[in-house]
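Novice: below are the sequence and a predicted model for it; my questions follow.
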Amino acid sequence: MTDEGSSIDRTRPSIARVYDYLLGGSDNYAVDREVGDVFKRDLPGSVAIAFANRAALGRAVAEIVTTTGVRQFIDLGSGLPTADNVHQIAQRHAPESRVVYVDNDPQVLVHGRALLAENDRTRVIAGDVRDPEHVRAHPETLELIDFERPVAVVLSAVLHHMNDEEDPAGIVRYWRDQVPPGSYFFLSHFRSGDNPETAEAEGILQRTFGRGRWRTDEEIEALLDGLDILDPGIVPAPLWRPDAAGGPGLSGGERGLTVWERLIAAGLARKFV
């Protein structure tokens, strides 16, 4: 886990900064752009993954706020701030919404805190997704999140960066046990695909960061064991409730998607009991 006082390492690529670069952000360095350019140059169209994922997250947050009474969110592995962050979407519809962002990248912490300095319903804390007890017990988490009331837990494009031996299912299970019935879990994850593009994209990230695994739809569903996966289930991100309040997705079924748009899956689950 990265300490809050850790300095930013500009010599090694960061998952958060590569993602920022692919989304058109400026909070990245040459080493991050080098990785991002591999996708742009060698895998044309792959940048659609980042945009499809971000759009599905936005629709899910808007759906939760506009159709349920949930007004508190924990965004695990949140990444660098971009347009339409979780707190911006949630507070646009319900100003009283509270959001805790969690990341272990020092630059995420610096930029996130600067962005949110005047927002008293949002916090950015240093934490590792793999150490959920630290996140749960963090003073700023406890200051903002009432665990007696339903919580929306966001795991957007983070668990595919974890190897099986790091027990990603156990992390979801921990949070499932910490939140009361009526809580929601949004999950997005890279899907295994029987095609060369998928294999090449997975290989690039594994060679760059030394970790991570794509998973099948069945394996992704298993990460949400004990929760009720809501319609339309685990589907390619652009097909997850494309007409939801958060903005347009795509209709017409999976056949109308590019191989890249099929690569990222999304789903929303609820804890009923």
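Specialist: The structure has been received and is ready for your questions. Numbering: from 1, shown residues only.
Novice: need the longest helix for the protein.
Specialist: helix 48-67 (DSSP state H).
Novice: now tell me what touches the helix or strand that it is followed by from outside.
Specialist: Downstream of helix 48-67, the next assigned helix or strand under DSSP states H and E is strand 72-76. The contact list for strand 72-76 (CB atoms under 8 Å, 6 or more residues apart in numbering) reads 61, 86-87, 90, 97-102, 129, 135, 141, 144-146, 149-156, 158, 175. Any C-beta I mention is one placed from the backbone N, CA and C, and that applies to glycine too.
Novice: give the buried residues for the longest helix of the chain.
Specialist: Buried residues in helix 48-67, counted by 16 or more other CB atoms under 10 Å: 48-65.
Novice: before we move on, what about stretch 153-169?
Specialist: Per 16+ other CB under 10 Å, stretch 153-169 contains these buried residues: 153-162, 168-169.
Novice: hey, C-alpha coordinates of it in PDB?
Specialist: This file holds the C-alpha atoms of stretch 153-169, laid out as PDB (Å, rounded to 0.1, in the frame of the first residue of the first chain):
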ATOM      1  CA  VAL A 153     -19.600   0.400  -3.600                       C
ATOM      2  CA  VAL A 154     -17.900   1.100  -6.900                       C
ATOM      3  CA  LEU A 155     -15.300  -1.300  -8.400                       C
ATOM      4  CA  SER A 156     -14.800   0.300 -11.800                       C
ATOM      5  CA  ALA A 157     -12.000  -1.300 -13.900                       C
ATOM      6  CA  VAL A 158     -10.000  -2.300 -10.800                       C
ATOM      7  CA  LEU A 159     -10.300  -6.000 -10.100                       C
ATOM      8  CA  HIS A 160      -8.900  -7.100 -13.500                       C
ATOM      9  CA  HIS A 161      -5.600  -5.600 -12.200                       C
ATOM     10  CA  MET A 162      -5.500  -8.200  -9.500                       C
ATOM     11  CA  ASN A 163      -4.200 -11.800  -9.800                       C
ATOM     12  CA  ASP A 164      -6.300 -14.700  -8.600                       C
ATOM     13  CA  GLU A 165      -4.100 -15.300  -5.600                       C
ATOM     14  CA  GLU A 166      -4.900 -11.800  -4.400                       C
ATOM     15  CA  ASP A 167      -8.500 -13.000  -3.900                       C
ATOM     16  CA  PRO A 168     -10.600 -10.300  -5.700                       C
ATOM     17  CA  ALA A 169     -13.700 -12.200  -4.800                       C
END
